[in-house]
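In: Coordinates for the following, if possible.
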Amino acid sequence: ALVRYNYAIALKDANRHVDALNQVRAAAALDAADAPIHFFAGVLALRLGLLHEATQSFREAVHLDPTHESARHNLALLGPVADPSVE
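Out: Got it, this is the predicted structure:
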């Protein structure tokens with residue numbers, strides 16, 4: 001999982017966001033309990049306009065680590081956008 005996560009960072013830095021997201025998805029499949037992996041998946045999904053996937057990734061990061069402030073912040077910002085019925 002760590003190798004795929006680090007590779008995803010390199011891909012993101014090379015502006016290969018789709019490839020980076022695929023690597024992070026693979027990392028999450030290998031280590032589903034890693035909140036930073038889910039957070040990074042959310043960041044990449046958001047960059048690609050995948051609002052539902054980004055929301056789910058941030059939600060999972062917060063579930064795994066309720067103190068993950070960046071995930072909580074992004075989830076709070078995305079909530080009304082991803083699901084307009086939530087107020």
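
In: all contacts plus neighbour counts: C-alpha atoms, from now on.
Out: Noted.

In: Please tell me how far Leu2 sits from Asp31.
Out: 9 Å (Cα to Cα, to the nearest Å).

In: how about the helices in this protein?
Out: Here the chain has its helices, by DSSP state H, at 2-13, 17-30, 35-47, 51-64, 69-82.

In: Could you give the number of residues near Val18?
Out: For Val18, the count of nearby residues is 16 (other Cα atoms under 10 Å).

In: Now the least confident helix or strand in the chain by mean pLDDT: buried residues?
Out: The helix or strand of the chain with the poorest confidence is helix 69-82; it has a mean of 87 (mean pLDDT, DSSP states H and E). Neighbour-count burial for helix 69-82, counted by 16 or more other Cα atoms under 10 Å, picks out Ala71, Arg72, Asn74, Leu75, Leu78, Gly79, Ala82.

In: Dump these to TSV, plus distance to Tyr7.
Out: TSV is the format used below for those (distance: Cα to Cα, whole Å):
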residue	distance to Tyr7
Ala71	21
Arg72	25
Asn74	23
Leu75	25
Leu78	26
Gly79	29
Ala82	28
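
In: which residues of this protein score low on pLDDT?
Out: Within the chain, the segments meeting pLDDT under 70 span 82-87.

In: Show me the residue at the heart of it, geometrically.
Out: In the chain, the residue lying closest to the centroid (Cα atoms, centre = their mean) is Gly42, at 2.0 Å.

In: which residue sits closest to that residue, ignoring its sequence neighbours?
Out: Among residues not flanking Gly42 along the chain, Ala54 sits closest, at 4.0 Å (Cα to Cα, 6 or more residues apart in numbering).

In: rewinding a little: got a list of what the residue nearest to the centre of the chain touches?
Out: Glu53, Ala54, Thr55, Gln56, Ser57, Phe58 (Cα atoms under 8 Å, 6 or more residues apart in numbering).
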